[in-house]
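J.: Here you go, sequence then predicted model.
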Amino acid sequence: MTSSFPGPAGPAAGADGHAGEDLLAGYAAGTVDGVAVWSVEAHLTGCARCRSALSAHVDAERLAGNRSVLLVRAALPEGGRVRRLLCRCGVPDHLLRLLVATPSLRRSWLLSVAGVLAVVAGEAAAVTHGWLGTGGRMVPPGYLDPGILAPFLLVAPLLVLAGVAAAFLPMFDPAYRLAVAAPFSGVTLLLVRTVSALAAALVPVVAAAFVLPGPGWLPAALLLPSLALCAFALAAATVTDPRAAAVTAAALWALPVLLASAHVPLLMVQRNAQFVCAAVLCASAVVLFLRYDRFDIGWTR
Amino acid sequence: MTLNVRTAAVRAEGLSRRYGATRALDDVSLTLDRGITGLLGPNGAGKTTLLSILATVNEPDAGQVSVFGLDPRDAAERPEIRRRLGYLPQELGYHRHFTVAGFLDYVAILKEITDRRRRAEEVARVLAALGLERRARTRIRALSGGLRQRLGIAQALLGRPDLLILDEPTAGLDPEQRLRFRELLSGLPGDPVIVLSTHQADDIAAICPHVVVLLQGQVHFTGTPAELAATAAGRVWAACERDARAHLSWRGGDNRWRHIGDNPPAGAELVAPTVEDGYLLLSHAAGAR
């Protein structure tokens, strides 16, 4: 057998053309260069004697360690297409793994959101097209009665708020105490989760607003109230119980919408209300900036 | 307990904590050094509150804590304490859809082990330490109570913590698992500070060189298990009949009555006290106040 190993006359090779003991030891320890590694591996595939000789040089403990690591990696779920896509876009793997514990990113939650939106948006579309009764109001088919958008306007920002609340309320995280006692920044964890939940909820809400009959600015007009509600809930959570903060935010949205629905159904997405929402968003952002360390302390007291 | 207060790894001074009208901790001061300290006390004694304060997830109403010279109230120092901490809460919640390996991987990320390779090594290490390798793919909801407790201990060991706080770690473990747990704790490298709470006096006697007895939110004893047992010296008796004057009495496996009290019953034989006897006497004295 001719020597297949690098160097003049294959200095690392044995006299009989097989891999020498020093070369095998270096290969097992990972100390030989790339060319030698390639040569050894090419030789090993066809040489049982050298494979057997190699086993004497292998560090059994290191091998067992590598095997355990491979088993652990194999036991970890790889995630779906969205996760692979985000990984390719450069989102760190460990941040994506943290999202696994966010209930509002689970399929069941997102399906529920889609279901609720389908009901309220479907009803509005059906009434507009004359497929459903109008509850006694005289509305000719094809004519847009702003009142039919009221349920959607009430529910859509609340769905976004619910998604964000589920991402940061301790009651939705069974391992919350561990997260608080861990060094990973509570603010970072909060941001990763809430921004993901916000995006996941906003997509179906805005999509539903697009397909609804109504003013063309409706999808854009829903963004500000949704963001303001979520920011308010987070800011309020820095000064009070987080559940109370989320419930207060929901009430502050629902009450005006319900009260105005009889007279000015689109009030909350009109200019003045948008200004109010922008002010709430800015004020909440300031509070969050000043009190962000509250999220590092946690709410386990 | 012969600890040097100035050099102690963990120091608590004058801790008080109330929950409404309930006083969970009342002016608690203690020091913890390298090695295992057992925290013994009945339900409601304040053990969980004390451990959660040491683990930086709770704050005292009054008093101070220092962990490795760092102040948990300081936002800049708190993360450094948490980097060196392993914590098993009394009621550890699990994401039920997680697998064992997935849960440990999640906790490892929370412990800032972000490199995939290193994380997998750490998870593999603690899985092996707790004998859970074959359960790596098992969903947590399919685990028995004992296995979940082992998983809880495993997550606390991630990152090789310098301070290990274990709240009721042996709850739910069978006798063999408890022995393995003792072996595991005794063999941890690096001589970490370990504090564990338990109801099991025999756990304390077996593995803890230091004992703190917490009763009604106050520290009633600090010392070695032998010193705790010695507090009952001359006050533990064995007799064939029950003595109503004893503080506590129960029938043992040998069918004889074991009495703890100040007055020996007629025909009673003085016996060597155990850690449990010392603890029961302390507990009785605190309840009588």
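T.: The structure has been received and is ready for your questions. Numbers count the residues shown, from 1 in each chain, chains lettered A, B, ... in the order given.
J.: With only the CA atoms kept, save stretch A:161-181 in PDB.
T.: Output in PDB follows, covering the C-alpha atoms of stretch A:161-181 (Å, rounded to 0.1, in the frame of the first residue of the first chain):
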ATOM      1  CA  LEU A 161     -53.000  44.100  24.400                       C
ATOM      2  CA  ALA A 162     -53.900  40.600  25.500                       C
ATOM      3  CA  GLY A 163     -51.100  39.200  23.400                       C
ATOM      4  CA  VAL A 164     -48.600  41.600  25.000                       C
ATOM      5  CA  ALA A 165     -50.000  41.000  28.500                       C
ATOM      6  CA  ALA A 166     -49.600  37.300  28.100                       C
ATOM      7  CA  ALA A 167     -46.000  37.900  27.200                       C
ATOM      8  CA  PHE A 168     -45.100  39.800  30.300                       C
ATOM      9  CA  LEU A 169     -47.600  38.800  33.100                       C
ATOM     10  CA  PRO A 170     -46.000  36.500  35.600                       C
ATOM     11  CA  MET A 171     -49.200  34.500  35.800                       C
ATOM     12  CA  PHE A 172     -48.600  33.200  32.200                       C
ATOM     13  CA  ASP A 173     -45.000  32.100  32.900                       C
ATOM     14  CA  PRO A 174     -44.800  29.100  35.200                       C
ATOM     15  CA  ALA A 175     -41.000  29.500  35.400                       C
ATOM     16  CA  TYR A 176     -41.200  33.200  36.300                       C
ATOM     17  CA  ARG A 177     -39.300  32.900  39.600                       C
ATOM     18  CA  LEU A 178     -36.500  31.200  37.700                       C
ATOM     19  CA  ALA A 179     -36.400  34.000  35.200                       C
ATOM     20  CA  VAL A 180     -36.300  36.600  37.900                       C
ATOM     21  CA  ALA A 181     -33.500  34.900  39.800                       C
END
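J.: What segments of chain A are helices?
T.: A:21-29, A:34-44, A:48-55, A:60-75, A:81-88, A:93-98, A:107-128, A:150-168, A:176-181, A:186-211, A:218-237, A:242-261, A:271-291, A:294-297 (DSSP state H).
J.: Also chain B?
T.: Going by DSSP H, chain B shows helices at B:47-54, B:78-83, B:100-110, B:116-129, B:145-157, B:175-186, B:201-207, B:225-230, B:275-288.
J.: Identify each buried residue in the last one, please.
T.: In other words, helix B:275-288. By 16 or more other CB atoms under 10 Å in any protein chain shown, the buried positions in helix B:275-288 come out as B:275-283, B:286. C-betas here are computed from N, CA, C, even on glycine.
J.: ok, back up a step: okay if I get the helices of chain B as a markdown table plus mean pLDDT and distance to residue A:97?
T.: Output for those, formatted as a markdown table (pLDDT from 0 to 100; distance: least, CB to CB, whole Å):
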| stretch | mean pLDDT | distance to residue A:97 |
| --- | --- | --- |
| helix B:47-54 | 95 | 26 |
| helix B:78-83 | 94 | 19 |
| helix B:100-110 | 94 | 6 |
| helix B:116-129 | 92 | 9 |
| helix B:145-157 | 92 | 15 |
| helix B:175-186 | 87 | 27 |
| helix B:201-207 | 88 | 35 |
| helix B:225-230 | 94 | 43 |
| helix B:275-288 | 85 | 44 |
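J.: what's the closest non-adjacent residue to residue B:55?
T.: Setting aside the residues directly before and after it, residue B:55 is nearest to residue B:87 in space (CB to CB, 6 or more residues apart in numbering or on different chains), at 4.4 Å.
J.: That neighbour: neighbouring residues, count only.
T.: Burial measure for residue B:87: 26 neighbouring residues, criterion other CB atoms under 10 Å in any protein chain shown.
J.: which residues touch it?
T.: Listed by CB atoms under 8 Å, 6 or more residues apart in numbering or on different chains, the contact set of residue B:87 reads A:177-178, A:181, B:55, B:57, B:156, B:164-166.
J.: Tell me the one among these nearest to residue B:209.
T.: residue B:164 (14.7 Å; CB to CB).
J.: Show the backbone phi and psi for residue B:192.
T.: For residue B:192, the backbone dihedrals (degrees, to the nearest 10) come out as phi -70, psi 170.
J.: List the contacts of it.
T.: Neighbouring residues of residue B:192 by CB under 8 Å, 6+ apart: B:34, B:160-164.
J.: if we go to 6 Å?
T.: By CB atoms under 6 Å, 6 or more residues apart in numbering or on different chains, the contact list for residue B:192 reads B:162, B:164.
J.: Next, work out how far apart it and chain A are.
T.: Plainly put, residue B:192 is 16 Å away from chain A if you go by CB to the nearest CB, to the nearest Å.
J.: Can you check the pLDDT for that residue?
T.: For residue B:192, the model assigns a pLDDT of 93.
J.: ok, which residues in the stretch 51-200 of chain B are in contact with chain A?
T.: For the stretch 51-200 of chain B, the contact set with chain A under CB under 6 Å from any CB of the partner chain comprises B:55, B:57-59, B:75, B:79, B:82-83, B:87, B:89, B:93-95, B:101-102, B:105, B:107, B:109-112, B:114, B:120-121, B:123-124, B:136-137.
J.: Which among those residues count as buried?
T.: Buried members of those, counted by 16+ other CB under 10 Å: B:55, B:57-59, B:79, B:82, B:87, B:89, B:94-95, B:101-102, B:105, B:107, B:109-112, B:120-121, B:123-124, B:136.
J.: Neighbours of residue B:134, how many?
T.: For residue B:134, using other CB under 10 Å, the count is 10.
J.: what about the residue in the stretch 151-289 of chain B positioned nearest to chain A, neighbour count?
T.: Proximity of the stretch 151-289 of chain B to chain A (CB to the nearest CB) peaks at residue B:155, 6.9 Å away. Look at residue B:155: counted by other CB under 10 Å, it has 28 neighbours.
J.: Chain neighbours aside, what residue packs nearest to it?
T.: Closest residue to residue B:155 apart from its sequence neighbours, by CB to CB, 6+ apart: residue B:107 at 4.4 Å.
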